[in-house]
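[1] Below: sequence and its predicted model.
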Amino acid sequence: SQQGEEDPQALSIQEGENATMNCSYKTSINNLQWYRQNSGRGLVHLILIRSNEREKHSGRLRVTLDTSKKSSSLLITASRAADTASYFCATDAIGGATNKLIFGTGTLLAVQP
Amino acid sequence: GAVVSQHPSRVICKSGTSVKIECRSLDFQATTMFWYRQFPKKSLMLMATSNEGSKATYEQGVEKDKFLINHASLTLSTLTVTSAHPEDSSFYICSASIVNTEAFFGQGTRLTVV
């Protein structure tokens, strides 16, 4: 399977703390995207980071990419109860159709108020 | 951002019947769309790549006769689950994209086969 791995599988933190999720993948990529999914709902796009970028910020989100290690991390700072959701990384592999995404296994984040 | 509309959002059908799910790009044209399947508490698995005007490309292990994909126009792809069985119950979600941007996902369809 080409599916990426994410860890941890589940993470429970208190409001105000930071949450870090890691993603490892297997192929060379054009870009890596992070998505959020509330239970039983659709996907919300968070950040896209290209293969020539190492770090990207968006509000309370910080994403890093290490193509030599084929890994990425998503940091959510000052977490809120509303951040409770599943988070997925997805890779757009070189040689594939644009945005033919392979998803990681996901991290279930629970932020306790 | 661009909008992808998926319909229906929920459907319940009887075993043996077929169900059609539509995926529309509302404000852009998409020569390629993708269909994913998600089991409860699991990740999304790519099922197939839908190509406008040509046959879909299915991922390994996905039955093309079970999951019929038609991409008749630049704004519409359909997934038909044929002769549905309870094990086909799942969350199905489509995506489309514009070159050099992120993928845009539909809202998903929860299929329950009884």
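    Noted; the coordinates are in hand.
[2] what's the neighbour count on residue A:53?
    14 (other CB atoms under 10 Å in any protein chain shown). C-betas here are computed from N, CA, C, even on glycine.
[3] Contacts for stretch B:42-61 next, please.
    With contact meaning CB atoms under 8 Å, 6 or more residues apart in numbering or on different chains, stretch B:42-61 is reached by A:3, A:43, A:88, A:90, A:97, A:100-106, B:30-38, B:62, B:64, B:67, B:69-74, B:77, B:79, B:93-94.
[4] run the last query once more with 6 Å
    A:97, A:100, A:103, A:105-106, B:31-38, B:62, B:64, B:69, B:71, B:74, B:77 (CB atoms under 6 Å, 6 or more residues apart in numbering or on different chains).
[5] ok, of the residues you listed, which come out buried?
    Buried subset of the contacts of stretch B:42-61 (neighbour count, 16 or more other CB atoms under 10 Å in any protein chain shown): A:97, A:100, A:103, A:105-106, B:31-38, B:62, B:69, B:71, B:77.
[6] which ones are touching residue 9?
    Unless you meant another one, I'm taking chain A. Contacts of residue A:9 (CB under 6 Å, 6+ apart): none.
[7] that answer is for a different chain, and I need it for chain B
    residue B:107.
[8] just the one 10 residues further on next, same as before
    Contacts were defined as CB under 6 Å, 6+ apart; by that measure residue B:19 touches B:11, B:13, B:81, B:84.
[9] Tell me the bridge partners for the second one.
    Meaning residue B:13. residue B:113 (DSSP bridges).
[10] Looking at per-residue confidence, what score does it get?
    Residue B:13 carries a pLDDT value of 96.
[11] Provide a list of residue ranges in chain B with pLDDT below threshold.
    B:1, B:100 (pLDDT under 70).
[12] And the residue nearest the centre of it, its phi and psi?
    With distances taken as CA atoms, centre = their mean, residue B:35 lies nearest the centre of chain B, 3.9 Å away. Here is the backbone geometry of residue B:35 (degrees, to the nearest 10): phi -120, psi 130.
[13] Output the lowest mean pLDDT helix or strand found in chain A.
    Lowest on mean pLDDT, DSSP states H and E among the helices and strands of chain A sits strand A:5-7, with a mean of 89.
[14] After that strand, which helix or strand is next?
    strand A:10-14 (DSSP states H and E).
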